[in-house]
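**Student:** Predicted model and sequence follow; I will ask about them next.
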Amino acid sequence: MSEMNKQSSVVPMAIVATLFFILGFATWLNGSLMPFLQQILQLSPFQASLIIFSFYIAVTFTALPSAMIIRKVGYKNGMALGMATMMVAGLLFIPAAKTQIFALFLFAQLVMGAGQTLLQTAVNPYVVRIGPEESAAVRVSIMGILNKGAGVVAPIVFTALILSDFKGFVGKELSQTDIDAMANGLILPYLGMAIFIGILGFAVTKMPLPELIDDDVDEQKPGQVKEALSHPSLALGIVALFVYVAVEVIAGDTIGSFALSLGVEKYSVMTSYTMGCMVLGYFLGILLIPRVLSQQTALTISAVLGCVLTLAIVTGSNETVFISTLFGLKSVLPDTLLLIAVLGFANAIVWPAVWPLALSGLGKLTSVGSGLLVMGIAGGAFGPLFWGLASGGVKSAEAQQMAYIVMLPCYLFILFYAVKGHKMKSWK
């Protein structure tokens, strides 16, 4: 274990909590950014999905380099470097908005994803190791709620700062003047975010955050990865997390684009609905697991609910507003749109349930298995991409609605893993 100074962990935990909120804010801002750029740049659903792809593919390819950087500079400096990279990404949005060149937006997203990965690599170990080991699970849950809670706030802030002056633009043929005005609306908010993250990154280097000291461990042997993957529960768990992150990001980040195709004026806040349902799922998970439900049972229920909701989404009517009426929502929204948001509730338990099932029985290979499981985040890059391809590149609401069928095989695989996959001890 790390050698931690015997001091109160309240201040360090507050710092880490702030960083988790920032991570969630920057991540789930994509749900508003995607349809916004789709509107002003006249993108197809597939082109719009590249905005999310650029962000998550950076996470995939910079994970190992990030770990190497942390070993060189330490965890505390790693956090600062991660935030410095995110600051640069925020500044890159300014020339992208000025020129309205799609490739620049994609590059800014790529840099943002790289900065996020470095920050995540540095900050995640603190959650487990900054306090008593027996309460680590509680801290992980709290950080998860903060991360998803930021997903509720981010779209609302985006809408208030960027879209508040552009009411009535949905479904309208935009002139170049309108497009310029909307694109320029990105400049001050992203400049402000870059400055804030930069100041916070500098402040972290001066804050009383104890440096983690890793135990001396043997270098990872080449055969360990192959040995770990010989365990079906782990190999199938990696796939389960890949398809899970794919559906999580589809539900959180494509809902705004679908709302835009339906002519919903406040399309940019729809991610807040999905994240709100996800936070509710987190709270129920903390209350019910393992007191009432086992991890396996909770995972099974989540997968079945995901399958049912997916079928309801692709077969439902975009005219029916029963759910909005039933719950007295101020904005009357189509049921299909709200069912996508409820997927957040179905998805909430999957990540924390798969991890222990996948790592069970690995023993000395647990750390290798954990590193392999993190690779499942790559699903976030490909989920929206498959959704965009399934829509056939057509902007119609009907085509985008049917594209959600790509989630069905994902939930079916999660169901297989919950019922059988995690129990498999060999491939024979």
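**Tutor:** That came in fine, so what should we check first?
**Student:** Any buried residues in the helix or strand hosting residue 127, and which?
**Tutor:** Assessed by DSSP states H and E, residue 127 sits inside helix 102-129. Neighbour-count burial for helix 102-129, with 16 or more other Cβ atoms under 10 Å as criterion, is recorded at 102, 104-124, 126-127, 129. In short, each C-beta sits where N, CA and C put it, glycine included.
**Student:** Now it: average pLDDT?
**Tutor:** Helix 102-129 carries an average pLDDT of 88.
**Student:** That helix - contacts with which helices or strands?
**Tutor:** helix 10-28, helix 30-40, helix 45-73, helix 75-99, helix 136-158 (3 or more Cβ pairs under 8 Å, 6 or more residues apart in numbering; DSSP states H and E).
**Student:** Mind giving me the packing neighbours of the second one?
**Tutor:** Same thing as helix 30-40. With contacts taken as 3+ Cβ pairs under 8 Å, 6+ apart, helix 30-40 sits against helix 45-73, helix 102-129, helix 136-158, helix 176-184, helix 232-253, helix 255-261, helix 270-288.
**Student:** So what touches the fourth one?
**Tutor:** Read that as helix 176-184. Contact with helix 176-184 is made by 36, 39-40, 97-98, 100, 162, 165-166, 169, 172, 174, as judged by Cβ atoms under 8 Å, 6 or more residues apart in numbering.
**Student:** same thing but at 10 Å, please
**Tutor:** Contact with helix 176-184 is made by 36-37, 39-42, 94, 96-100, 105, 162-163, 165-166, 169, 172, 174-175, as judged by Cβ atoms under 10 Å, 6 or more residues apart in numbering.
**Student:** now the end-to-end length of stretch 393-405.
**Tutor:** Stretch 393-405 has an end-to-end distance of 15 Å (criterion: Cα to Cα, to the nearest Å).
**Student:** To clarify, my last question referred to stretch 256-265.
**Tutor:** When the termini of stretch 256-265 are compared using Cα to Cα, they are 10 Å apart.
**Student:** how about it: buried residues?
**Tutor:** For stretch 256-265, burial by neighbour count (16+ other Cβ under 10 Å) applies to 256-262, 264-265.
**Student:** And those, which is closest to residue 69?
**Tutor:** Nearest to residue 69 among those is residue 256, at 33.3 Å by Cβ to Cβ.
**Student:** Quick check, the closest one in contact with residue 36.
**Tutor:** Yes. Contact between residue 256 and residue 36 holds when scored by Cβ atoms under 10 Å: they sit 7.9 Å apart.
**Student:** overlap in contacts of these two?
**Tutor:** 48, 158, 267-268.
**Student:** Between those, which sits nearest residue 328?
**Tutor:** Nearest to residue 328 among the shared contacts of residue 256 and residue 36, counting by Cβ to Cβ, is residue 267 at 21.1 Å.
**Student:** where's the closest one relative to residue 300, distance?
**Tutor:** Relative to residue 300, residue 267 is positioned 33 Å away (Cβ to Cβ, to the nearest Å).
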